[in-house]
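Participant: Give me a 3D structure for the following:
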Amino acid sequence: MKTSPLQRSLKKLRAEGWMCAITERWNQWAKVRQDLFGFIDILAVKGEITMGVQATSGDHVSGRGTNSSRPASRAMTYRW
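Facilitator: This is a model prediction of the structure:
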């Protein structure tokens, strides 16, 4: 079975010393996946840095990007 982009991202982040929480959830009533703020799949913290990560497959990376307009924010999109 293939490893999901979310699981690959978690493995990579944790290997780099990040503390991670999955923020993507299944909404059973709407029957859709929902991310934190509409784009964050993983919230990662390391020291004083907090990072929002969007994990996606290579086929979907062009349709993804940060929706954050705050200059102090940091968002990553891992492409697998």
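
Participant: how about low-confidence regions in this protein?
Facilitator: Scanning the chain for pLDDT under 70 picks out the ranges 58-80.

Participant: can you map out the helices along it?
Facilitator: For the chain, the helices defined by DSSP state H cover 5-15.

Participant: count of neighbours near D41?
Facilitator: Residues contacting D41 under the criterion other C-beta atoms under 10 Å number 21. Glycine gets a C-beta too; all of them are placed from N, C-alpha and C.

Participant: how about it, what does it touch?
Facilitator: Applying C-beta atoms under 8 Å, 6 or more residues apart in numbering, we find D41 in contact with L6, S9, I22, T23, E24, D35, V53, Q54, A55.

Participant: Buried only: go through these for me.
Facilitator: L6, S9, T23, D35, V53, Q54, A55 (16 or more other C-beta atoms under 10 Å).

Participant: The residues you listed in strands, which ones?
Facilitator: V53, Q54, A55 (DSSP state E).

Participant: Turn those residues into a markdown table, columns for distance to F39.
Facilitator: A markdown table is the format used below for those (distance: C-beta to C-beta, whole Å):
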| residue | distance to F39 |
| --- | --- |
| V53 | 10 |
| Q54 | 5 |
| A55 | 11 |
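
Participant: quick one: which of those residues is nearest E16?
Facilitator: Distance to E16, by C-beta to C-beta, is smallest for V53 among these, at 11.6 Å.

Participant: pretty sure that closest one is touching V45, no?
Facilitator: No - assessed by C-beta atoms under 8 Å, V53 is found out of contact with V45, at 11.2 Å.

Participant: ok, W26 - how many residues close by?
Facilitator: Neighbourhood size, W26 [other C-beta under 10 Å]: 9.

Participant: Actually, K46.
Facilitator: K46: 13 neighbours (other C-beta under 10 Å).
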